[in-house]
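Colleague: Sharing a model prediction with you, sequence too.
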Protein chains: 2
Amino acid sequence: MSQPFSIAIHGGAGTILRSQMDDTLRQEILDALEKSVRAGHQVLSKGGDALDAVVEAVKVMEDCPHFNAGRGSVLTHREIVEMDASVMHGKQCDAGAIAGVRHIKNPIALARDVMTKSDHVLLIGEGAEEFAFENGHAYTEQDYFVTDRRYDQLQSMKDKGLFALSEASYEEESPQYPDDKKFGTVGAVALDQQGNLAAATSTGGITNKKYGRVGDSALIGCGTYAENGNVAVSATGMGEYFIRKTVAGDVAARMRYLGESVSQASEQVIQGDLKAMGGEGGLIAMDQNGAVHFAMNSSGMYRACIDPDGIMSIKIYVDD
Amino acid sequence: MSQPFSIAIHGGAGTILRSQMDDTLRQEILDALEKSVRAGHQVLSKGGDALDAVVEAVKVMEDCPHFNAGRGSVLTHREIVEMDASVMHGKQCDAGAIAGVRHIKNPIALARDVMTKSDHVLLIGEGAEEFAFENGHAYTEQDYFVTDRRYDQLQSMKDKGLFALSEASYEEESPQYPDDKKFGTVGAVALDQQGNLAAATSTGGITNKKYGRVGDSALIGCGTYAENGNVAVSATGMGEYFIRKTVAGDVAARMRYLGESVSQASEQVIQGDLKAMGGEGGLIAMDQNGAVHFAMNSSGMYRACIDPDGIMSIKIYVDD
């Protein structure tokens, strides 16, 4: 019998309401989630590494303008995109991450290159881009990333004087876009046939951000963690709270030290202190057997998985 | 009876050999460590907050050219300094951090301002400096930070073709400076009379670094962590390994979930997987009673404390 393999992805958590979602958008999102999870699963089914599987899955979402990562990233106060991403491989707890890049089509692929081709874990800003160009990444113009939707969103927040807030905390009765109150971070976790766990997370951050703000998506132990024999985690939510509670690392620690299951540990972290502090969001986690748990304290999270039996599921709302 | 209060500091860990340390330098380092720990202790004895105590202690070391933080920071490949720092307050797990700043005299004070005056945890590069200047930090020329010693050190590494290595892994039989093989990160942990724990870490990073490399010192859960009722931690060492093992967060998790003492948890983390992977360095940790533990897997760590009985100790070598 071959070893089990499995993959799960998310396209962000937050306030997602059925009443504000039209059928066309809903179908486009479901299609994109399916394309992403299938891309990762294909790597695994061919015997590929879990790291390559999560990177391929995330790239699909980075390339789709419906998600806040890569193309379609939210805009900063200066009307540009600045992206963060990280990956971790569970075999030796190797990791790579980048923050504040502006001209890299697939930040998640750059994070993987930081892990595999540099002695470092985290590279930032222009330095990260210099490393990227030396390692075969093309210079991508800002125009590629910017969509009308994100421009309208930024102007709306600027008009209202909303400043450095996440899109999810921006209250509007009839938002122009149905998922405006969602943290758009994307991510994936996978178990490969060699027994390796890996995790990947990528984001454009928060609309109207200033000052080179970096959230949890670039940070190992906060937005991303993977450890063979234990768990792989990718988080999405109000990044500052997820950093302060070291969310991904805490799920791993609860499983490692308390012997909790992946679902127990994930729920304890997402529904516990984090939620009480105001840390809205969710995470996906996969254990050493390929069992996946989706945890969220918000009304929805774009998510999908193909489990060890090859069964695919794709969901949006908390009660799906 | 008043509540106990206590402070501990470090000025970096690594290969520090008696045979290479002259008396003058040794005395200057001991004096600086004493000045630092007394500055923090004075805040605590007046009833001040643990956060202000650790920031004051770290500022003394940032201002002293013998430590790799603030003035005296090591130089990047481009012959400039780029500094990282972070703080955390245990009461609500509030945190602030900056990475890649070039013109801020006291990065640790800026990290505190990010925590107290912004909605964010981590700001990077020029954005972090923009925030700094809007919040009263003066623009400090690079000339202030650069010392002859660090310039010589960089040239020596460039001449040898040593690239993006830490100073600690650079092998030389008779180094020009006796502590060239030390990770120069500085840090502090404290317990105040209100029962708050806080931690602070500041660094110039690694000599000859490229690509906007950021180590663990800027990262909550890796170089810095504080949680009331549990522990405050500041780490120093080969930053990439400390990130991959989420060192500061792991000490906190072991105490929180396994009930280990501050010394047990610190030794397990520093002497365990981290060391086996090649993660040389150390940490300081303080528990809720003000008990401090210094852990290191290297031959020395500049360190000092004033314990709850008011007794000061200052040490350099592992066997001091």
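Modeller: Done, it's in.
Colleague: contacts, neighbours, all on C-alpha from now
Modeller: Fine.
Colleague: Would you mind listing what in chain A touches chain B?
Modeller: Chain A comes close to chain B at residues A:93-95, A:100, A:119-131, A:164, A:210-215, A:219-222, A:240, A:243-246, A:249-250, A:253-254, A:257-258, as judged by Cα under 8 Å from any Cα of the partner chain.
Colleague: Select only the buried ones of the residues you listed in PyMOL?
Modeller: Remark: buried members of the residues of chain A next to chain B, expressed as a PyMOL selection using 16 or more other Cα atoms under 10 Å in any protein chain shown:
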select buried, chain A and resi 93+94+95+100+120+121+122+123+124+125+126+127+128+129+130+131+164+210+211+212+213+214+215+219+220+221+222+240+243+244+245+246+249+250+253+254
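Colleague: In strands only, show me the residues of chain A next to chain B.
Modeller: Using DSSP state E, A:Asp94, A:Ala95, A:Gly100, A:Leu122, A:Leu123, A:Ile124, A:Arg213, A:Val214 are the members of the residues of chain A next to chain B that sit in strands.
Colleague: so the last one makes contact with A:Gly205?
Modeller: Yes: between A:Val214 and A:Gly205 there is a contact under Cα atoms under 8 Å: 7.3 Å.
Colleague: Show me where chain A has its helices.
Modeller: A:23-45, A:50-63, A:107-117, A:125-134, A:142-145, A:148-159, A:239-244, A:247-258, A:262-271, A:273-277 (DSSP state H).
Colleague: could I get those helices as JSON lines with mean pLDDT?
Modeller: Formatted as JSON lines, these follow (pLDDT from 0 to 100):
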{"stretch": "helix A:23-45", "mean pLDDT": "95"}
{"stretch": "helix A:50-63", "mean pLDDT": "98"}
{"stretch": "helix A:107-117", "mean pLDDT": "98"}
{"stretch": "helix A:125-134", "mean pLDDT": "97"}
{"stretch": "helix A:142-145", "mean pLDDT": "94"}
{"stretch": "helix A:148-159", "mean pLDDT": "84"}
{"stretch": "helix A:239-244", "mean pLDDT": "96"}
{"stretch": "helix A:247-258", "mean pLDDT": "98"}
{"stretch": "helix A:262-271", "mean pLDDT": "98"}
{"stretch": "helix A:273-277", "mean pLDDT": "94"}
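Colleague: what's the closest of these to A:Val233?
Modeller: A:Val233 sits nearest to helix A:247-258 of all these, at 5.6 Å, using Cα to Cα.
Colleague: Determine the angle, from 0 to 180 degrees, between the closest one and helix A:262-271.
Modeller: 130 degrees (axes from the mean of the first three to the mean of the last three Cα atoms, to 10 degrees).
Colleague: Can you name every helix or strand that helix A:247-258 contacts?
Modeller: strand A:224-227, strand A:231-237, helix A:262-271, helix B:247-253 (3 or more Cα pairs under 8 Å, 6 or more residues apart in numbering or on different chains; DSSP states H and E).
Colleague: is it possible to export these to TSV including distance to B:Val262?
Modeller: Output for the helices and strands packed on helix A:247-258, formatted as TSV (distance: least, Cα to Cα, whole Å):
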stretch	distance to B:Val262
strand A:224-227	24
strand A:231-237	26
helix A:262-271	23
helix B:247-253	8
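Colleague: B:Cys64: which of these is closest?
Modeller: helix B:247-253 (25.3 Å).
Colleague: Could you list the residues in contact with the closest one?
Modeller: A:246, A:249-250, A:253, B:220-227, B:230-235, B:262, B:265-266, B:269-270 (Cα atoms under 8 Å, 6 or more residues apart in numbering or on different chains).
Colleague: Pick out the residue of the stretch 1-150 of chain A closest to chain B.
Modeller: Nearest residue of the stretch 1-150 of chain A to chain B: A:Gly127, at 3.5 Å (Cα to the nearest Cα).
Colleague: The nearest residue to that residue once chain neighbours are set aside: what's it in contact with?
Modeller: The spatially closest residue to A:Gly127, leaving aside those adjacent along the chain, is B:Tyr211, at 3.5 Å (Cα to Cα, 6 or more residues apart in numbering or on different chains). Each residue near B:Tyr211 by Cα under 8 Å, 6+ apart is listed here: A:Leu123, A:Ile124, A:Glu126, A:Gly127, A:Ala128, A:Glu129, A:Glu130, A:Phe131.
Colleague: in the sheet, who's paired with the nearest residue to A:Ala235 once chain neighbours are set aside?
Modeller: In this structure, A:Ala235 finds its nearest non-sequential neighbour in A:Leu283, 4.1 Å apart by Cα to Cα, 6+ apart. Beta-bridge pairing for A:Leu283 (DSSP bridges): A:Ala235, A:Ala295.
Colleague: quick one: A:Leu283 from A:Ala32, how far?
Modeller: Counting by Cα to Cα, to the nearest Å, the separation of A:Leu283 from A:Ala32 is 19 Å.
Colleague: more neighbours, the two?
Modeller: Between A:Leu283 and A:Ala32, counting by other Cα atoms under 10 Å in any protein chain shown, A:Leu283 is the more crowded of the two (31 against 20).
Colleague: Surely that one and A:Ser298 touch.
Modeller: No: the pair A:Leu283 and A:Ser298 does not pass the contact test of Cα under 8 Å, sitting 10.9 Å apart.
Colleague: And the residue nearest to A:His89 when sequence neighbours are not counted, what's its pLDDT?
Modeller: Closest residue to A:His89 apart from its sequence neighbours, by Cα to Cα, 6+ apart: A:Ala198 at 4.5 Å. On pLDDT, A:Ala198 comes in at 98.
Colleague: Tally up the residues packed near A:Ala198, please.
Modeller: Neighbours of A:Ala198 under the rule other Cα under 10 Å: 36.
Colleague: who does it bridge with?
Modeller: Residues in beta-bridge contact with A:Ala198 (DSSP bridges): A:His89, A:Ala190.
Colleague: was I right about it contacting A:Val55?
Modeller: No: contact between A:Ala198 and A:Val55 fails when scored by Cα under 8 Å: they sit 9.4 Å apart.
Colleague: quick one: contacts for the residue of the stretch 1-150 of chain A closest to chain B?
Modeller: Listed by Cα under 8 Å, 6+ apart, the contact set of A:Gly127 reads B:Lys210, B:Tyr211, B:Gly212, B:Arg213.
Colleague: sorry, back to before: now render the ones in strands among the residues of chain A next to chain B as CSV, adding pLDDT and distance to B:Gly48.
Modeller: Converted to CSV, these look like this (pLDDT from 0 to 100; distance: Cα to Cα, whole Å):
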residue, pLDDT, distance to B:Gly48
A:Asp94, 98, 41
A:Ala95, 98, 39
A:Gly100, 97, 36
A:Leu122, 98, 35
A:Leu123, 98, 36
A:Ile124, 97, 35
A:Arg213, 95, 29
A:Val214, 96, 30
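Colleague: ok, these vs A:Asp320, which is closest?
Modeller: Lowest distance from A:Asp320 to these (Cα to Cα) belongs to A:Val214, with 31.5 Å.
Colleague: Grab the nearest non-local neighbour of A:Ala226.
Modeller: In space, and not counting its chain neighbours, A:Ala226 is closest to A:Ala232: 4.0 Å by Cα to Cα, 6+ apart.
Colleague: Tell me how many other residues crowd that neighbour.
Modeller: With other Cα under 10 Å as criterion, A:Ala232 counts 34.
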